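[1] the sequence and its predicted three-dimensional model are supplied below.
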Amino acid sequence: MSIPTEPIGSIPRSPELLQAIQAHGAGRLPAAVLEAAYDDAVRDTLRRFAETGSPVITDGEQRKSSFATYPLEGSTNLAPDGVVIPFKDGHTRQLPRLTRGPFRYGKYAGEYLQKAKPHTTRPLKQAVISASALSLLYPPNGIAGYSREEFVEDLIRESVADILSAFTAGAQTVQIDFTEGRLSLKLDPSGALLRSFVELNNRVLGSFSDAERARIGVHVCPGGDHDSTHSADVDYAGLLPELFAMQAGRFYLQLSSEPDRRRVLGLIAGLLGKERKVFVGVIDPISARVDSPEEVCHRVLEAAGLLPLSQLGTTDDCGFSPFADDTSTARDVAFAKIRARVEGTALAASRLGIR
């Protein structure tokens, strides 16, 4: 037995790729040239991921506009004035608004995996956006001729198809990004919104077998964009009981940047159960400082003192660039931090006598 370690997903895009995306958007670059730039970025990302020693890698989400909006690419029934998400530093992100039905994905996550597989022999992980995040696209005042109930049925079907597309393409694990979980308690401290999110995601998860759900994980964090968060001030204690009601086999939790890690680890220990795995965050992507393997080892040993070793893994708190235009972290720094996570996890395993 070893201590498994996995990335969350996104890696900062290179300046060359960002320039190609901007030039294509302005009509100055043919689609074929942009596709070649994406392919170069994915190839470089997979190579550098492998060089860190990471046993499981991703394509760094190089082809995604963002972790949340990739299914909307090519859609024609959206307006730009949807839900606004404020971050602590004052900047915002805005989701689109659905203008008419039916709701359909424009792209499935499995497509990214299919394009990454020719460039690596390592096991690949694929992140997908949660149904609950996409539920925010439906306007509060409704859509004439397309009820919220109809939208939810379409959303569940499309979300299931998205996860299936990743498995069909060969993903070893699939990660549902649920960053809105903690944020929901800021928007609605009563917890009703969070409970509705969990119920919706469980309807998606209920479409899969026990064996499949063991390979499906849920990622939560307080957001991470331009070195700022949207809900780090929300107490984990309000989130965790509902989070662990989700029918997933894995949980990827931001933890290294948490002020009182031991308290949160204690809460996790009381909720985890006997079958599921928890991957604790041991790297803070927002911090520009590269952690040492020894520091990571300390965080792993701290978690191992409170959680069953057979259910423990490590991860990063969040992706390094969930939105394509976020260049607040350099690619070199991201890969150095990933290497520190891999080496620090192995060091902790050695000290715990795990081979």
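    Great, that's in hand.
[2] show me where the chain has strands.
    78-79, 84-86, 92-94, 97-98, 125-129, 173-177, 216-220, 250-253, 277-283, 312-316 (DSSP state E).
[3] for residue 178, what are its contacts?
    130, 132-133, 197, 201, 218-220, 243 (CB atoms under 8 Å, 6 or more residues apart in numbering). All C-beta spots, glycine's among them, are computed from the backbone N, C-alpha and C.
[4] ok, now with 10 Å
    129-133, 184, 197-198, 201, 217-221, 239, 243, 246, 248, 251-252 (CB atoms under 10 Å, 6 or more residues apart in numbering).
[5] buried among these? Need that as a selection in ChimeraX.
    To isolate the buried ones among the contacts of residue 178 in ChimeraX, judged by 16 or more other CB atoms under 10 Å, type:
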select :129,130,131,132,133,184,197,198,201,217,218,219,220,221,239,243,246,248,251,252
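[6] can you pull the contacts of the closest residue to residue 215 other than its chain neighbours?
    Sequence neighbours aside, residue 173 is the residue nearest to residue 215 in space, at 5.1 Å (criterion: CB to CB, 6 or more residues apart in numbering). Contacts for residue 173 (CB under 10 Å, 6+ apart) come out as 4, 6, 56, 123-127, 166-167, 214-217, 249-250, 252.
[7] hmm, 7 Å instead?
    6, 56, 125, 215, 217, 250 (CB atoms under 7 Å, 6 or more residues apart in numbering).
[8] need those residues in a markdown table with distance to residue 228 and pLDDT, can you?
    Output for the contacts of residue 173, formatted as a markdown table (distance: CB to CB, whole Å; pLDDT from 0 to 100):
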| residue | distance to residue 228 | pLDDT |
| --- | --- | --- |
| 6 | 25 | 97 |
| 56 | 28 | 96 |
| 125 | 26 | 97 |
| 215 | 32 | 97 |
| 217 | 25 | 98 |
| 250 | 27 | 98 |
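[9] most neighbours among those, which one?
    In terms of neighbour count, residue 217 stands highest of the contacts of residue 173 at 27 neighbours, by other CB atoms under 10 Å.
[10] in space, what's closest to that residue - neighbours in sequence excluded?
    Closest to residue 217 by CB to CB, 6+ apart is residue 250, at 3.1 Å.
[11] would you enumerate the residues in contact with the one you found?
    173, 216-217, 276-277, 279.
[12] returning to what we had before: looking at the contacts of residue 173, which one is closest to residue 31?
    residue 125 (27.8 Å; CB to CB).
[13] wait, that closest one sits on residue 58?
    Yes. Between residue 125 and residue 58 there is a contact under CB atoms under 7 Å: 5.2 Å.
[14] measure stretch 209-226 end to end?
    38 Å (CA to CA, to the nearest Å).
[15] that one: how far from the chain's middle?
    In terms of CA atoms, centre = their mean, to the nearest Å, the centre of stretch 209-226 is found 7 Å from the chain centre.
[16] from now on call the first residue 187
    With 187 as the first residue, the last one maps to stretch 395-412.
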